[in-house]
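Q: Sequence and predicted structure, then a few things I'm wondering about:
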Amino acid sequence: MTNGIGRMSGKVPRAALVLSCAVILLFCVIGDRSTRAATSPSVTLRLIEEIDSLSTEIAAIDRDYGALIANLSVFNLQAEEAGEARRKAEKNLEAKRDELNGRLVALYKSGRTSWFSVLLDSNDVLDFVDRITWTERIAREDTRVLDEVKSAEAALRTQQQSLIEKRRALQSKCNWAIRRKAELERKLSECMRRLSATDPVLGKVMAVPQTELSRRINAYLAKRRSPLTGYGIVFVMAEQRTGVSARLLVGLAHAESSCATAGTYWRTNHNAWGMKGPQPRIAGGIPAQYGYCTWPDWEVAIQQAADFIIHYWGRAQTAMQLPGYCETGGPGSDWEKRVETARNAI
């Protein structure tokens, strides 16, 4: 049988050999392409980055819009006060105009009287001099009042035009903010729909209002193409619930599994922290698989990883507060440095 097979193999056509080589090369090419595809940014990561960008811009618009509305309210109050002052000034101007029209200087300025008529109306020379002095004094005073009236009228017109322009500018900015926010919210809604279709758990998590810390965590994880990207708000909520530092939890994931991109158990157990189980005494109990804690998804994993820390070490904030967590850990160890480097980078 062996010899027969040997003889048969000696008669294999050269074309079959060439075909075999071609098949092998094809598999190599496909394998190489698969590797490149695996290392390229995933749809989920791109969606998370877009959602975070849109959410950040919407938050900025909300802040700007709030400031615009506050400014507009203050401006409307100032405009109302200015309008009341303008109405009072206009009444005062009107009264001054009436006063000017009723006084003798108006007749002199219009050319409808002269010193000759004053002379005719005077009883004697002294009376004439008194009248002339009086009218000159009135003329000087009324000229000053007339200039004030003209200046006040010009100032009122300028103020009114300025108020109109400022209100128009503020209203235009408010309208732009409303339109832009509506546009961004439509895009955000579409991204959330696509993310929920891809990963329902992550879609639910990303729908929670984000914080500055959660965005920093997501940005850190996104740079490492970590499957934990998008769960920044869960780390924050775990910290709020237990007191265990969210940044420390991320630092531990970095030291133990390169943020869930290396090793096995992050894939099978959602365990990025190298935590061993089972842990029945921890709240809710943590089952084990292959000797390591196992969780159904990243949301549960992050919360119970925080429970794991607080159960054994309390409200830890740094790697130095976790003696015994890692067999090769300890003061000044490479493990401690990896944890702290990641924690401080967020």
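A: Okay, I see it. In this text, all values refer to a predicted model and were calculated from it rather than measured experimentally.
Q: Point me to the helix or strand that includes the nearest residue to Thr328 once chain neighbours are set aside.
A: Excluding its sequence neighbours, the residue lying closest to Thr328 (C-beta to C-beta, 6 or more residues apart in numbering) is Trp335, at 5.5 Å. (Glycine included, C-beta is placed from N, CA and C.) Using DSSP states H and E, Trp335 maps to helix 334-345.
Q: For the protein, just list every one of the strands.
A: Secondary structure of the chain, counting by DSSP state E: strands at 288-289, 292-293.
Q: what's the closest of these to Glu80?
A: Proximity to Glu80, assessed across the strands of the chain by C-beta to C-beta, is greatest for strand 292-293 (64.9 Å).
Q: quick one: the closest one to chain centroid distance?
A: Centroid separation for strand 292-293 versus its chain: 37 Å, with C-alpha atoms, centre = their mean, to the nearest Å.
Q: Which other helices and strands does that strand contact?
A: Contact analysis of strand 292-293 by 3 or more C-beta pairs under 8 Å, 6 or more residues apart in numbering; DSSP states H and E lists helix 265-269 as its packing neighbours.
Q: Please tell me I have it right and the residue nearest to Thr328 contacts Cys326.
A: Yes. Between Trp335 and Cys326 there is a contact under C-beta atoms under 8 Å: 4.7 Å.
Q: Need the overlap of contacts for those two.
A: Common contacts of Trp335 and Cys326 (C-beta atoms under 8 Å, 6 or more residues apart in numbering): Ala255.
Q: Return the residues in contact with the residue nearest to Thr328.
A: Counted by C-beta under 8 Å, 6+ apart, Trp335 has contacts Ala255, Ala319, Cys326, Thr328, Gly329.
Q: switch the cut-off to 6 Å
A: Applying C-beta atoms under 6 Å, 6 or more residues apart in numbering, we find Trp335 in contact with Ala255, Cys326, Thr328, Gly329.
Q: And it, how far from Asp199?
A: Trp335 sits 31 Å away from Asp199, taking C-beta to C-beta, to the nearest Å as the criterion.
Q: Contacts for stretch 242-252 next, please.
A: Residues from elsewhere that reach stretch 242-252, judged by C-beta under 6 Å, 6+ apart: 217, 235-236, 239, 273, 305-306, 309-310, 315-317, 339, 342-343, 346.
Q: hey, where'd the helices end up in the chain?
A: 2-10, 14-39, 43-101, 104-110, 115-121, 125-198, 200-206, 212-223, 232-242, 246-257, 265-269, 298-313, 334-345 (DSSP state H).
Q: Least confident of those, on average?
A: With a mean of 31, helix 2-10 has the lowest mean pLDDT of these.
Q: give me every residue that touches Pro227.
A: Ala260.
Q: before we move on, back to that, where's the residue nearest to Thr328 relative to Lys91, distance?
A: Taken as C-beta to C-beta, the span from Trp335 to Lys91 is 82 Å.
Q: And the closest residue to Cys174 other than its chain neighbours, how close does it get to Thr143?
A: Among residues not flanking Cys174 along the chain, Leu68 sits closest, at 5.1 Å (C-beta to C-beta, 6+ apart). Using C-beta to C-beta, one gets 46 Å for the distance from Leu68 to Thr143.
Q: Comparing those two, which shows the higher neighbour count?
A: Leu68 (20 against 13; other C-beta atoms under 10 Å).
Q: I'd say that one and Asn175 touch.
A: No. Leu68 is beyond contact range of Asn175, at 10.0 Å (criterion: C-beta atoms under 6 Å).
Q: Can you read off the backbone torsions of Gly330?
A: Backbone torsions of Gly330, given as degrees, to the nearest 10, read phi 120, psi 170.
Q: what about the residue nearest to it when sequence neighbours are not counted, neighbour count?
A: Closest residue to Gly330 apart from its sequence neighbours, by C-beta to C-beta, 6+ apart: Glu336 at 6.8 Å. The number of residues packed near Glu336 is 21, by other C-beta under 10 Å.
Q: Touching, Glu336 and Thr318? I think so.
A: No. Using C-beta under 6 Å, Glu336 makes no contact with Thr318, being 8.8 Å away.
Q: Tell me how far Ile346 lies from Gln210.
A: Taking C-beta to C-beta as the measure, Ile346 falls 14 Å from Gln210.
Q: what's the distance between the spatially most central residue of the chain and Arg338?
A: Residue closest to the mean C-alpha point of the chain, counted by C-alpha atoms, centre = their mean, is Thr56 at 2.9 Å. From Thr56 over to Arg338 the distance is 29 Å, taken as C-beta to C-beta.
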